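> Mind folding the following:
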Amino acid sequence: MARYSITLKQVYSAPAEDIPAEITLPQDWRLSWHQLETWKAINDLSIDVIFNTALTGDGKSLGAYLKSLLTYYQVMGLYPTNELARDQQSQIQDYIEAFAPPHEPRVNRLNSAELELYAEREDLSKAIAIDTRGYQSEILLTNPDMFHYLHRGAYLSRFDNPDKLWNRIDKYFKLLVFDEFHVFNAPQIAGVINTLLLIRRTNRPPRYLFLSATPDEELINRLGLAGFNIRWINPVREGKYKFPDSPKEAEELRVKGWRLISRQVNLSFIPLESSFGVSETWLKENKELILSYFQTYPHSKGAIILNSIASVKRLVPLFRELFAAHGLTVGENTGLSGSRDKLNSLGCDLVLGTSTIDVGVDFKINFLVFESGDAGNFIQRLGRLGRHDGYDGHEFERFTAYALVPKFLVERLFDKDNAPLEERGKYDRISLTAAITHNYRRINNFSGYYKRWGAVQSFRLYYDLGKPQIKEQYHESRQKFRQDCEKVFDTGFNRVTASVMRWAEEWKELSAKVGNPIFNDAVSFRGSSSLLCGLYDPTEDKESDRFKTYDLPGILSNLEVEMWTEAAFMRQIKGAGETIPKARFKPCLAFMKLRGYNPERLNWRFTYRGDLRAIADAWKVQVLVGVEVWQPDNVWINGINRHLRVLGLVSYVLARPVAEVRQRLQLPMGFQIYPISDETSIHDRTSPYSIAIGQSALLLDTLAYRFKDKGGKAWIC
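Down below sits the predicted model:
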C-alpha cells in the first residue's frame, strides 16, 4: 500500500496571566490566554464583534460561556448542525456542574423539529413558542437558520407586526455566539451581515462572538466596512502555542502551566485517483488493516469520516460483521441516520459518518480515517483526532490518522522540488495547515456574491421595515439600514428593486402565478429545497426515526426505493403513535419508501424538452419549467417526472459539461450542479450542458462570466 507518513507534534496552549478577582474557577482549573481575552472582550462595551481563532480543541466554548457561568448573562449559541448543538449542550452542562453558579443558568436547545413539537405540545404558535423558549433560557442553543428566519418574519402570521419576535429576542440576549461559522458560504455570510446591520439600526445590539479556527475574511472586512468595532483574538499570531520536540520540553511547558490540547499524531497520506467510490474501495480492501489497529492497541476508539452517505451505509454492515467477531462495536452517524443511532454511535469502538460528525463534535478517539475535498475540509476532519488522552479510565497508547487524498496532493506535498513535507518528517500543526492550504485544490469563495446578491437579502428586510404597522416607528432606522447595506454590498437599492420586480413579472408570464422564486431563493439562508423528497426508512428500530428527507440527486445515484403517495406517507406518520414534526415534509417533491442502497453509484441526467442553447446564451439565473430526469433502467422515474416537469426550478444553465465547470470554476464539494441534455443531445455520451439549481444557481451566476467569449453587463453592479 502506497503511503507517505509524517509525525504531528503535540500542541500546548499558553495559560492566562493575572486572572481578575471576579473570575472564580473550579479547583485545579486554569484558563488559556485566549479564553481570558475572550472574557475581557465580551466585557468591553466598546467592542461589537469578537473573533476567536484559537486552534481546534483549545476550549473556545469555555471562553464564550464563561461570563454566563460567573454571573446572570443571557447567551444565544448558534450552531451549524444539530449534532454540534447537542454536543455543546452536554459540554455546557458539564461546565455548570463544575462551576456550580448560584444563579443556575437554564440551558435549552431549539431547532425546527423541536420548535414544531414544543409548539404543538404547549398549544402555542411558533412565534410565541420561540419567544417563550427564549425567555425560559439563560443559554439557548439553536442554529443560524432559525436566527435568520425569525428576523425575516417566517414564524409570524400576517396579522403580526414584523418586529414582534425579533424586537424582544434581540433585547433579551446579550451575546450571540456563532460557532464553526467557516463551514458556511457567501449566502449565509451575507445573511448574517444583513441581520447584524438590522439589529444595530433597530435595537440595542448585543455582542457578537465568532468561533472558528479559520475565519472568513469577507465577513471580517465587511463588518469593518459597516463600522463595527472588531476584536480579533489570534493565539497563533501572538505566539501562544508551543510544539515541543522532546518529553523534556513538554514537561517544562506543563510546569509553567501550558495546557496540552493536541497529542502527537502519526499521519499517513494515502494517494487515490480522483473519482467516485475510490475511498470506499480502499476501505473495503483495507478493512483488516483497520481491525488490526484495534487488536494491536486495545481500548482504542476510532472514526471513519467520508463524503458520501451512501458509502457509509454500504460500509457499516461490512465493518459491523468484521468487528463483531472480535467483540467490537461499530456505529453510524450520517444525515440519514436515526436519532438513536447518532446518539449511540459516539460510544462505539468505531463510528462511520459524514459531515454530521466532522463539524466541532468533541470525539474521544485515537484512530481516524478520513477523506476530504479541499484544504479546509482536511484540517477540519484531522482536528477531530488527538483531543483527549483516553476515555472511561482507558488511556490511549497511540494516535493514528489515514488521510485518503488525491494523488496530485501527495505529489505536491512530497515529490516536487522544494516539497514542504518529507517522508517520516516531524511537523507542527501550523506548518501542516500552511502546506495543505497552499497545495490542495483551491475552492472558490464566491466573493462576487456579496455585490451581486447580498443586497437582495437587504431589500427584503428594508421592505419589511416599511410595512404600515411599523413604518413610522422605524422610519429613521430604515434609512440608515439602507445606507449601511448599500455601502457594505456596494449596490444601489433602486437597481435591486427593478430586478425583484422583473423576476416577479417573468414568473407570472411563465406560470400565470403570483410569486417570485428567484427572490425567494436569494433571501433564504441555505437555499430552497425544490428537489427534497420524503423518505420512509423501515430499517430504523424507532418509528419516529423512519421518516426522513433526502435530495433527489442522492436518491437517483444511490438508493433503491419504491414510490409512495403523499397521502400514504402522511397516513404512516399518523399511525406511528408518536409525535413527529410534519412541517419539514411540506416542500417535498415526492415520497418514497427505502428498499436498500445500490452497490455502486448509478448514472443519470436531467433533460429539458426544448432547446437549451438559447437558455445558456442568456447568461442569467432563470426559472425553468419542464425539467425531467433520464435514467432508462429506473422503473419509478415516470412517477418522479410527473411531479418534476411542472416544477419551477431556479436554475443557471451553462453550455459546458459538469466536469469542466467544476474544475475551471473551482466549485466546492456538494455544489448542486448536474448534467442536463436537451432534445438534440439526449443520446450524447456526455451531457454538453450543466445546470445549477437553487442557491447554487445564484452562486454560479457570480462566476459564469469566465466562460463568456464576450463581456456582458451584470444586472447589479
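> C-alpha only now, for contacts and for neighbours.
Noted.
> so where's the stretch 151-300 of the chain shaky on pLDDT?
Within the stretch 151-300 of the chain, no range satisfies pLDDT under 70.
> do the same with the stretch 501-650 of the chain
Ranges of the stretch 501-650 of the chain meeting pLDDT under 70: none found.
> Angles on the backbone of the nearest residue to E395 once chain neighbours are set aside, please.
By the measure of C-alpha to C-alpha, 6 or more residues apart in numbering, the closest residue to E395 outside its immediate chain neighbours is D389, 5.8 Å from it. In terms of degrees, to the nearest 10, the main-chain angles of D389 are phi -70, psi -30.
> same question, K313
Given degrees, to the nearest 10, the pair of backbone angles that K313 has is phi -60, psi -40.
> What's the separation between it and R546?
Distance from K313 to R546, counting by C-alpha to C-alpha, to the nearest Å: 15 Å.
> Quick check: which element contains Y155?
Assessed by DSSP states H and E, Y155 sits outside every helix and strand.
> Please verify my assumption that P144 contacts L78.
Yes - at 5.3 Å, P144 and L78 qualify as touching, with contact defined as C-alpha atoms under 8 Å.
> Could you tell me which residues touch both of these two?
Common contact partners of P144 and L78 (C-alpha atoms under 8 Å, 6 or more residues apart in numbering): F178.
> Show the pLDDT at the spatially closest residue to N161 that is not a sequence neighbour.
Nearest residue to N161 in three dimensions, chain neighbours excluded: Q469, at 6.2 Å (C-alpha to C-alpha, 6+ apart). For Q469, the pLDDT comes out at 93.
> Does Q469 touch K164 like I think?
No - here Q469 lies out of contact with K164, judged by C-alpha under 8 Å, at a distance of 10.6 Å.
> could you pull out the helices for the stretch 551-700 of the chain?
552-558, 566-574, 612-617, 637-644, 658-665, 695-701 (DSSP state H, counting those that start in this stretch).
> How many neighbouring residues does I640 have?
Using other C-alpha atoms under 10 Å, the number of residues around I640 comes to 17.
> if I look at the nearest residue to it once chain neighbours are set aside, how far off is I673?
Spatial nearest neighbour of I640, excluding adjacent residues (C-alpha to C-alpha, 6+ apart): A590 at 6.8 Å. Applying C-alpha to C-alpha, the value for A590 to I673 is 20 Å.
> And for E660?
Between E660 and I673 the computed distance is 11 Å (C-alpha to C-alpha).
> got it, and A190?
22 Å.
> More neighbours: which of those two?
A190 (27 against 23).
> Spatially nearest residue to the more buried one (excluding sequence neighbours)?
Closest residue to A190 apart from its sequence neighbours, by C-alpha to C-alpha, 6+ apart: G454 at 5.5 Å.
> residues contacting the one you found?
G454 is in contact with P187, A190, G191, F489, counting by C-alpha under 8 Å, 6+ apart.
> So which of those residues is the closest to A325?
Proximity of these to A325, judged by C-alpha to C-alpha, is greatest for P187, which lies at 47.9 Å.
> Where does the closest one fall, secondary structure wise?
For P187, the element it lies in under DSSP H and E is helix 186-202.
> Show the pLDDT at K713.
Reported pLDDT for K713: 46.
> scratch that, F414
In this model, F414 carries a pLDDT of 95.
> Then the one 3 residues further on?
According to the per-residue confidence, D417 scores 89 in pLDDT.
> One more: the one 5 residues further on?
At E422, the predicted lDDT confidence score is 95.
> so who does the residue nearest to it when sequence neighbours are not counted touch?
Nearest residue to E422, sequence neighbours excluded (C-alpha to C-alpha, 6+ apart): F414, at 5.8 Å. Counting by C-alpha under 8 Å, 6+ apart, F414 touches Y4, P420, L421, E422, E423.
> buried subset of those?
Y4, P420, L421 (16 or more other C-alpha atoms under 10 Å).
> Would you confirm that N307 contacts N377?
No - contact criterion C-alpha under 8 Å: N307 and N377 do not qualify, at 10.1 Å.
> can you give me the strands in the stretch 501-650 of the chain?
All strands of the stretch 501-650 of the chain, identified by DSSP state E, counting those that start in this stretch, fall at 532-536, 547-551, 559-564, 591-597, 605-608, 622-624, 627-630, 649-654.
> among the ones you listed, which is the most enclosed?
With neighbours defined as mean count of other C-alpha atoms under 10 Å, the strands of the stretch 501-650 of the chain peak in mean count at strand 649-654, which reaches a mean of 27.
> one step back: any chance of the strands of the stretch 501-650 of the chain in JSON lines, with distance to S690 too?
Conversion of the strands of the stretch 501-650 of the chain to JSON lines gives the following (distance: least, C-alpha to C-alpha, whole Å):
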{"stretch": "strand 532-536", "distance to S690": "20"}
{"stretch": "strand 547-551", "distance to S690": "18"}
{"stretch": "strand 559-564", "distance to S690": "23"}
{"stretch": "strand 591-597", "distance to S690": "26"}
{"stretch": "strand 605-608", "distance to S690": "9"}
{"stretch": "strand 622-624", "distance to S690": "13"}
{"stretch": "strand 627-630", "distance to S690": "13"}
{"stretch": "strand 649-654", "distance to S690": "5"}
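> Tell me which of those strands sits nearest to L70.
strand 547-551 (40.8 Å).
> Quick check: neighbours of the closest one in the sheet, parallel or antiparallel?
Sheet pairing for strand 547-551, assigned by DSSP bridges, gives strand 532-536 (antiparallel).
> Need phi/psi at S262.
Per-residue torsions, S262: phi -150, psi 130 (degrees, to the nearest 10).
> got the contact list for it?
By C-alpha under 8 Å, 6+ apart, the contact set of S262 is Q10, V11, Y12, G57, L385, G386, R387, H388.
> okay, the fifth one: pLDDT?
What that stands for is L385. In this model, L385 carries a pLDDT of 94.
> Neighbours of A98, how many?
Around A98 there are 14 residues (other C-alpha under 10 Å).
> gap between the residue nearest to it when sequence neighbours are not counted and G425?
Ranked by C-alpha to C-alpha, 6+ apart and with sequence neighbours excluded, the top spatial neighbour of A98 is P26, at 6.1 Å. Here the criterion is C-alpha to C-alpha. By it, P26 lies 40 Å from G425.
> cool, and L589?
52 Å.
> neighbour count winner among the two?
Remark: of L589 and G425, L589 carries more neighbours, 19 against 11, as counted by other C-alpha under 10 Å.
> Was I right to think that one contacts C533?
Yes - the pair L589 / C533 is scored as a contact, 5.4 Å apart, by C-alpha under 8 Å.
> circling back: of the helices of the stretch 551-700 of the chain, flag the one that's most buried.
Buried most deeply of those, by mean count of other C-alpha under 10 Å, is helix 695-701, with a mean of 26.
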